[in-house]
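Asker: Below: sequence and its predicted model.
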Amino acid sequence: MKFNVILEPAEEGGYNATVPALDGCFTQGETVEETLANAEEAIHCYIEGLEKVNQIKSTPHGILKEVELTL
């Protein structure tokens, strides 16, 4: 899976990161590298939490298909 991560400088120093595709998934860090590592961990925990409450089911041999909608 790939996710976009938005990094913004924090007022107190370092960076804040949000993951737009995952509502409420955010983290922070002192450097860009640390913030991205923290974001990766936050995404992992977020997805793991969804799996635990059966909101999504992941299968290692699943097939990913893209569906396009016109509204």
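Answerer: That came through, no problem.

Asker: Helices of the chain, start to end?
Answerer: Counting by DSSP state H, the chain has these helices, from start to end: 32-52.

Asker: so where's it uncertain?
Answerer: By pLDDT under 70, the weakly predicted segments of the chain are 54-60, 62-66, 71.

Asker: Relative to residue 44, how far out is residue 24?
Answerer: Between residue 24 and residue 44 the computed distance is 15 Å (C-beta to C-beta, to the nearest Å). For glycine as for every other residue, the C-beta is placed from the backbone atoms N, C-alpha and C.

Asker: what's the answer for residue 14, then?
Answerer: Using C-beta to C-beta, residue 14 is found at 21 Å from residue 44.

Asker: Those two: which is more packed in?
Answerer: When residue 14 and residue 44 are compared for neighbours, residue 14 comes out ahead with 16 against 10, by other C-beta atoms under 10 Å.

Asker: quick one, what contacts the more buried one?
Answerer: Applying C-beta atoms under 8 Å, 6 or more residues apart in numbering to residue 14 gives the contacts 28-31, 34-35.

Asker: Name the residue closest to the centre of the protein, please.
Answerer: Nearest residue to the geometric centre of the chain (C-alpha atoms, centre = their mean): residue 43, 3.7 Å.

Asker: Isn't that residue up against residue 19?
Answerer: Yes. With contacts counted by C-beta atoms under 8 Å, residue 43 reaches residue 19, the gap being 5.9 Å.

Asker: Overlap of the contact sets of these two?
Answerer: With C-beta under 8 Å, 6+ apart as the test, residue 43 and residue 19 both reach 3, 25.
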